[in-house]
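1. The sequence and its predicted three-dimensional model are supplied below.
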Amino acid sequence: MKISLTVNGNLHTSEVEPRTLLVHYIREHLGLTATNVGCDTSSCGACTVHLDGEAVKSCTILAVQADECDVTTVEGLAKNGEMHPMQKAFMENHGLQCGFCTPGMVMAAISLLREIPNPSEEEVRIGLEGNLCRCTGYHNIVKSVLDAASKGAAGR
Ligand code: FES
Ligand code: FES
């Protein structure tokens, strides 16, 4: 099937099999490999991207369902060579170790701040419960999101 969608500001028109998952389209057709696949069960969140501004697990969506949509992956967050404030906050607060979960975590966290600009620690923990990290114990991830919120990342 033919699909046309905007990914990180660039329009892509492609032929895909109807069964192609959005995450596979992003990684294999477009070569944007920061979006990871961490499970087969829609439970880890490593594949989280924004679809028309909302965080979605791209392993649960067919590429054809994203036809005519606007997709943002973590590669599309930096502007003019400057990291997004959420990316900076993860870096400054040691919110990652291996980094495998980080792209999905960052995308989910940005989406969370769009809904709750100044969340409590509990709201961050609840908001990110669909994203699993095998390394950090979550403490520094939560700290990163709270730091980003305090620096006004919600508007970005
Ligand atoms: S790869 Fe999508 S939720 Fe795990
Ligand atoms: S930093 Fe390794 S899985 Fe989260």
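-> Arrived safely. Bear in mind the structure is a predicted one, so any value in this text is a computation, not a measurement. Ligands and ions are numbered 1, 2, ... in the order given.

2. which parts of the longest helix along the chain are buried?
-> If you go by DSSP state H, the chain has its longest helix at helix 102-115. Buried residues in helix 102-115, counted by 16 or more other Cβ atoms under 10 Å: 102-114. No exception for glycine: its C-beta is placed from N, CA and C like everyone else's.

3. quick one: the residue nearest the centre of the chain from ligand 2, how far?
-> For the chain, the residue nearest the mean C-alpha position is Met107 (2.8 Å; Cα atoms, centre = their mean). For Met107, the distance to ligand 2 equals 13 Å [Cβ to the nearest ligand atom, to the nearest Å].

4. next one: Thr102
-> 6 Å.

5. Excluding covalently adjacent residues, which one is nearest to that residue?
-> Leu96 (4.5 Å; Cβ to Cβ, 6 or more residues apart in numbering).

6. re earlier: so how far is Gly152 from the closest residue to the residue nearest to the centre of the chain other than its chain neighbours?
-> Nearest residue to Met107 in three dimensions, chain neighbours excluded: Thr48, at 4.4 Å (Cβ to Cβ, 6+ apart). Computed as Cβ to Cβ, to the nearest Å, the Thr48 to Gly152 distance reads 22 Å.
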